[in-house]
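Chemist: Predicted model and sequence below, questions to follow.
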Amino acid sequence: MRIIVMETSGNLFVVAAPSGAGKSSLVRALLAQDSRVHLSISHTTRPPRGQEVHGREYFFVSDDEFDVMVRDDAFLEWAHVHRYRYGTSKPAIADRIEQGEDVLLEIDYQGALQIRNLFAQAVLIFILPPSWEELRRRLENRGEDPPQRIQERLRNAMHEVGHARHFDFVIINGSFDQALSELGMVVQTQRLRYFSQRRSKPEVFQALALE
Ligand code: 5GP
């Protein structure tokens, strides 16, 4: 399946990173400063953590419900990540992009690469930690995991970063402010593409008699 989205459509940003690299904080800060970017809410079989709310962080579903969605071909992509399943549902994405919205997916690298095969114009962004020592320090400081689980996350991270080469952009999250500014630049740059500009400034293109 390859979904053809018209040139006049919105942008699709896909952000991936190993856990601890700061992806969620960066995405949250980007959404707070740029109301034109809309986050897609995924489905997951993982149970809610802490203050998470159904329909806000995720749609939390049972294994059976997830199975039904897979069977009904309801996902654009889905993957096993850290013992659970996660997926991006279809209707949310294609319709919104066609209506000209900028949509951001915060998903793992497997899902990102599936999206690349569906939407040729998707913009894939990989967030890297500045070093393994720093990633370990951040995972330890989160205080969420026992040492054995941190070791497992680091092993996963070493595998995941090997896929960064397939992404369009790489942002190294050493300084949070710099990484956020770089993420914002990637988003702004996409909006300067010919067809994005034509969509957002139709009057200028008409006045200049540009197709
Ligand atoms: P967490 O359970 O910590 O919220 O997320 C675990 C991982 O699953 C993160 O890397 C997150 O980006 C990824 N993830 C969240 N939603 C999706 C999704 O819809 N598809 C895929 N492939 N990965 C997802």
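Modeler: Okay, I see it. Because the structure is predicted, anything quoted here is derived from the model rather than measured. Residues are numbered from 1 along each chain as shown.
Chemist: Count residues in the vicinity of the residue in the chain positioned nearest to the ligand, would you?
Modeler: Scanning the chain for proximity to the ligand using Cβ to the nearest ligand atom identifies residue 111 as nearest, at 2.4 Å. C-betas here are computed from N, CA, C, even on glycine. Neighbour count of residue 111, defined by other Cβ atoms under 10 Å: 23.
Chemist: is it fair to say it lies in a strand?
Modeler: No. Secondary structure of residue 111, determined by DSSP: H, G, I helix; E, B strand; the rest coil: helix, with no strand assignment.
Chemist: For it, which residues are in contact?
Modeler: 14, 16, 77-79, 86-88, 105 (Cβ atoms under 8 Å, 6 or more residues apart in numbering).
Chemist: Identify, from the residues you listed, the entry nearest to residue 47.
Modeler: Proximity of the contacts of residue 111 to residue 47 (Cβ to Cβ) peaks at residue 86, which lies at 12.9 Å.
Chemist: just checking, what packs against the lowest-mean-pLDDT helix or strand in the chain?
Modeler: Using mean pLDDT, DSSP states H and E, helix 90-98 stands out as the lowest-scoring helix or strand of the chain, at a mean of 83. The helices and strands touching helix 90-98, judged by 3 or more Cβ pairs under 8 Å, 6 or more residues apart in numbering; DSSP states H and E, are strand 75-81, strand 102-106.
Chemist: Need the winner for burial among the ones you listed.
Modeler: Using mean count of other Cβ atoms under 10 Å, the stretch among the helices and strands packed on helix 90-98 with the largest mean neighbour count is strand 102-106, at a mean of 22.
Chemist: Which positions in this structure make contact with the ligand?
Modeler: Remark: the part of the chain in contact with the ligand comprises 42, 46, 77-79, 81-82, 86-88, 106-108, 110-111, using Cβ under 6 Å from any ligand atom.
Chemist: returning to that earlier point: okay, the contacts of residue 111 in JSON lines with pLDDT next?
Modeler: What follows is those, written out as JSON lines (pLDDT from 0 to 100):
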{"residue": "14", "pLDDT": "98"}
{"residue": "16", "pLDDT": "98"}
{"residue": "77", "pLDDT": "97"}
{"residue": "78", "pLDDT": "97"}
{"residue": "79", "pLDDT": "97"}
{"residue": "86", "pLDDT": "98"}
{"residue": "87", "pLDDT": "97"}
{"residue": "88", "pLDDT": "96"}
{"residue": "105", "pLDDT": "97"}
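Chemist: what's in contact with stretch 138-148?
Modeler: Among residues not part of stretch 138-148, those counted as contacts by Cβ under 8 Å, 6+ apart are 19-22, 129, 150, 153-154.
Chemist: Recalculate using a threshold of 6 Å.
Modeler: Contacting residues not belonging to stretch 138-148 are listed as 20, 150, 153 [Cβ atoms under 6 Å, 6 or more residues apart in numbering].
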